[in-house]
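In: here you go, sequence then predicted model.
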Amino acid sequence: MLHGYSDRINHALAFAAKHNDREVRKNMRLPYGTHAANVAIILTKYGQDEETIVAGIIQDVVADSVRDHQTRETLDQRIADKFGTAALETALAVTVRLTDDDGVELSLDERKADFLNRLNQAPDPARWVCAADAIHTASTILADLKRTIDPDSIWGRFQWGKGGTIRWYRRLYERLLEHGFAAPIMQEFAQVVEALEQLEHPYPSASRV
């Protein structure tokens, strides 16, 4: 059954839109609510349930809260009390951590490696959220590049630059496959990854995806 609308989904969208409503998403020029709505649309397109859609909508808010060093108690009060513990846990499963299980601070590269490793234990709803989030973010990069005469201004938003950002999406796609996530959404993810790689290698002899 497709879930295109519910009071809970509407509440989550309003919550995401209100979050830093005067700011834009990190590395992007999109308001938080715009990204959340698009993630919800992608998940709905693939028939995901309300719980997964809500987790996808609030995932950016959860990620920012973790970046701001909010405690689990605060997250429970601010998010779980509104949308349920399951939605919060799903979002946290695909949120980059600043510290490991022992509280040791991670470097940027270690955070990314930790994120990829944790996908092994992540439940399927979290992997759906991860894929939908990546598809929309990468698609937005592609759309912005088509509209600009200065590609460097787009790639300059990302710490890893053009090559590092493109390789990150390839690594993320491959890691999801390695962990056995072969849902239909992965076909769309593959197409987006390949479109990004075309920017770096415009004349491949064969598709890698």
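Out: Received it, and whenever you're ready, just let me know what you need. Residues are numbered from 1 along each chain as shown.

In: residue 159 contacts residue 107, doesn't it?
Out: No: counting by CB atoms under 8 Å, residue 107 is not a contact partner of residue 159; they are 11.8 Å apart. The way it works is simple: take the backbone N, C-alpha and C, and place the C-beta from them, glycine included.

In: so the residue nearest to residue 192 when sequence neighbours are not counted is in which element?
Out: Using CB to CB, 6 or more residues apart in numbering and skipping the chain neighbours, the partner closest in space to residue 192 is residue 138 (4.6 Å). Here residue 138, judged by DSSP states H and E, is contained in helix 124-147.

In: I figured residue 171 hits residue 115, correct?
Out: No: using CB under 8 Å, residue 171 is not in contact with residue 115; the gap is 10.0 Å.

In: ok, then the element right after the helix holding residue 138?
Out: Counting by DSSP H and E, what follows helix 124-147 is helix 151-155.

In: mind listing residues that contact that following helix?
Out: Identification of contacts with helix 151-155 by CB atoms under 8 Å, 6 or more residues apart in numbering yields 141, 144, 145, 148, 161, 162, 165.

In: buried stuff in stretch 141-160?
Out: For stretch 141-160, the neighbour count (16 or more other CB atoms under 10 Å) marks 141, 144, 145, 154, 155, 158 as buried.

In: and the helix or strand residue 81 falls within, average pLDDT?
Out: According to DSSP H and E, residue 81 maps onto helix 81-83. For helix 81-83, mean pLDDT is 96.

In: list the contacts of residue 95.
Out: Contacts for residue 95 (CB under 8 Å, 6+ apart) come out as 59, 62, 63, 66.

In: could you rerun that using 10 Å?
Out: Going by CB atoms under 10 Å, 6 or more residues apart in numbering, residue 95 touches 59-60, 62-67, 88, 115, 118, 126, 129-130.

In: distance to residue 5 added to the buried residues of stretch 141-160, as a markdown table?
Out: Below are the buried residues of stretch 141-160 laid out as a markdown table (distance: CB to CB, whole Å):
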| residue | distance to residue 5 |
| --- | --- |
| 141 | 29 |
| 144 | 29 |
| 145 | 32 |
| 154 | 33 |
| 155 | 36 |
| 158 | 34 |
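
In: quick check, nearest of the residues you listed to residue 194?
Out: residue 141 (13.6 Å; CB to CB).
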